[in-house]
Each structure stands twice: as structure tokens, then as C-alpha cells.
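Engineer: sharing a sequence plus its predicted fold:
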Amino acid sequence: MIKNNWEYEVTQDCIEKFEKSIAAIEKDEERKTNDPERWAMRRGAAQCHLDKLEAEKAEYEMLTSHDSQAPIVLELDDIDYLPDILIKARIAAKLSEKELGALCGCIEEQIKRYEKDDYQSASFLDFRRVIFALNIKIQSGKFLIELDTLERTPITIEDLRSSKSRAKSQEVVNESKQFQP
């Protein structure tokens, strides 16, 4: 997820590099002929990364161009990505980290730190203050609690962090499967 203009610029640079890389792969007729499977894997992997970057760029552009006076609906498929809603809402509202901090009683550096680490260092109260400051409402939130598979062992912070990492890794795996011949 692109969180600010600097990341947007870096993403644009990466997109250009991936486009050049794909163009070079396309021109490699020798590898395409002699090792078509490896050629297709390289091409597919590069395309997968390019598609992900382009989607992130499009999302950021949609958020930054959104009319800040009109409501925006942001969807959430996984509770681990709840902090993304806060960041996207700030971007769509065209608020800087400093402005958001002033609205919720924090300093700019604190908001930047929260966003950098996806609100992992924020207390629940700070998290709620940001939600309140951004006027975020849940319209029809549903939560599935699978009681039959509920773990009966203590969960550590590392377990929570690794579940988010696994979710991100699974996204990449699912995306790369789209490009396998």
C-alpha cells in the first residue's frame, strides 16, 4: 500500500523499471526458444510484480483524487488490514499527518510512526481517537467466529505479526499462480 507521495514516486520508478525489464525479457528470443518454461516464469513473475505496483498506484491515485467532501466506502476482507483503512481515509480526506495529529490530539511524528508500522505501536485508545477524528463509521460489519476451530493455546505478539505476514505472503502466492502456464 502506498502511504504518501514519496512512496508514490518510488512506486512510479519501480513500475518503469519493471516495464523495461519485461521489455528486455520479451526481446530475449534465445531464452524464449531454448528454455521457454524458465522464460515464462521470469516473464510471469515480473508481470505479477508490475500488476501489483500498478494496482497500488491506481488505488493511491483514486484516494488522492477523491472529492474530500464526499463520503468514500473502503472495504476490508481481513481484520489485519484495519490500519490500512485509517491510512486510506486520511489520504482521501486530504489530511497530512500533522493535520490528523492535531485533530486527534497527537503530534505529527506519532501519526507518521503509527502509519509506518501499521498502527502496531498505537494503543487501542489512540487507534480509536484516529477513527473518531477521521469520522469512520462501520455500515454493515459482520464478523465470523469459527468456534469449532478456536485455538485453546495462548497467542503471542509474534503469532499476530506472523499471521499478517502469512496473509501478505499468501496474496503474493495467489497472484503469481495467475501467471503460471
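Structural biologist: Structure received. Residues are numbered from 1 along each chain as shown.
Engineer: mind giving me the domain ranges of this protein?
Structural biologist: 1-65, 85-159 (automatic domain parsing).
Engineer: could I get those domains as a markdown table with mean pLDDT?
Structural biologist: What follows is the domains of the chain, written out as a markdown table (pLDDT from 0 to 100):
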| stretch | mean pLDDT |
| --- | --- |
| domain 1-65 | 96 |
| domain 85-159 | 91 |
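Engineer: closest to residue 78 out of those?
Structural biologist: domain 85-159 (11.2 Å; Cβ to Cβ). Just so you know, the C-beta spots here come from the backbone N, C-alpha and C atoms, and that holds for glycine as well.
Engineer: relative to its centre, which residue of this protein is most distant?
Structural biologist: residue 34 (37.7 Å; Cα atoms, centre = their mean).
Engineer: how much space between that residue and residue 41?
Structural biologist: Going from residue 34 to residue 41 by Cβ to Cβ, to the nearest Å gives 14 Å.
Engineer: among the domains of the chain, which comes closest to residue 74?
Structural biologist: Smallest distance to residue 74 across these (Cβ to Cβ): 5.2 Å, for domain 85-159.
Engineer: just the endpoints, please. Distance across the closest one?
Structural biologist: Criterion Cα to Cα, to the nearest Å; first-to-last residue distance in domain 85-159 is 22 Å.
Engineer: from the chain's centroid, how far away is that domain?
Structural biologist: Here domain 85-159 is found 14 Å from its chain centre; the criterion is Cα atoms, centre = their mean, to the nearest Å.
Engineer: what segments of this structure are strands?
Structural biologist: Read by DSSP state E, the chain holds no strands at all.
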